[in-house]
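A.B. asks: got a structure for you, letters missing:
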């Protein structure tokens, strides 16, 4: 298992690489067995593959030069979190305003609707109930401390 010191060092390296790119931000760093480092980045207007490649190359060199992993015994992936990953940061919620989300509450119940507002301590979604002419839109306020996780739903 990776030490907290190594984890923090990698996060610091990533944040140093992101300086000057105010729209790009670090979501998470995961290190899985075998020293496979996964860095998840996002951006306010979406992140490009080219940006991930550029950061991957610079970050790989920085980790290698730091000798965090003796003999270069590590692999590195830099990507966006993908739609299957839940939202982790307040900033991710903000960038997804207007999209349909599924919110799993701490008690296991789920709410689905259009994310309309993100405040410091809560989100607001519009839930549709009924069908046809009997469709009713209900506004629901959900405190962040009530949310287990939130996923963006892909709709066609």
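C.D. replies: Perfect, thanks for sending it. Since the model is a prediction, treat every value here as computed from it, not as a measurement.
A.B. asks: and the protein, what are its domains?
C.D. replies: Domains of the chain are assigned by automatic domain parsing as 4-79, 90-152.
A.B. asks: Turn those into CSV, columns for mean neighbour count and mean pLDDT.
C.D. replies: All C-beta atoms are positioned from the backbone trio N, CA, C, and that covers glycine. Formatted as CSV, those follow (neighbours: other Cβ atoms under 10 Å; pLDDT from 0 to 100):
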stretch, mean neighbour count, mean pLDDT
domain 4-79, 15, 92
domain 90-152, 14, 95
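A.B. asks: mind listing the strands for the chain?
C.D. replies: For the chain, applying DSSP state E gives strands covering 24-32, 36-43, 75-79, 100-105, 110-118, 122-129, 136-143, 147-152.
A.B. asks: Using TSV, please lay out the ones you listed together with distance to residue 69.
C.D. replies: As requested, those are exported to TSV (distance: least, Cβ to Cβ, whole Å):
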stretch	distance to residue 69
strand 24-32	10
strand 36-43	9
strand 75-79	10
strand 100-105	35
strand 110-118	38
strand 122-129	39
strand 136-143	41
strand 147-152	31
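A.B. asks: Which of those sits closest to residue 92?
C.D. replies: Of all the strands of the chain, strand 36-43 sits nearest to residue 92, with 6.0 Å by Cβ to Cβ.
A.B. asks: which other helices and strands contact the closest one?
C.D. replies: Secondary-structure packing of strand 36-43 (3 or more Cβ pairs under 8 Å, 6 or more residues apart in numbering; DSSP states H and E): helix 4-18, strand 24-32, helix 49-66, strand 75-79, helix 90-95.
A.B. asks: now the third one against strand 36-43, angle please.
C.D. replies: What it means is helix 49-66. Computed with axes from the mean of the first three to the mean of the last three Cα atoms, to 10 degrees, the direction of helix 49-66 lies at 140 degrees from that of strand 36-43.
A.B. asks: Which residue of the chain lies farthest from its centroid?
C.D. replies: residue 133 (37.0 Å; Cα atoms, centre = their mean).
A.B. asks: residues touching residue 68, list them.
C.D. replies: Neighbouring residues of residue 68 by Cβ atoms under 8 Å, 6 or more residues apart in numbering: 6, 9, 10, 74.
A.B. asks: just the residues you listed now: which is nearest residue 91?
C.D. replies: The closest of the contacts of residue 68 to residue 91 turns out to be residue 10 (Cβ to Cβ; 19.9 Å).
A.B. asks: if I pick that closest one, what's in contact with it?
C.D. replies: By Cβ under 8 Å, 6+ apart, the contact list for residue 10 reads 29, 31, 37, 39, 63, 68.
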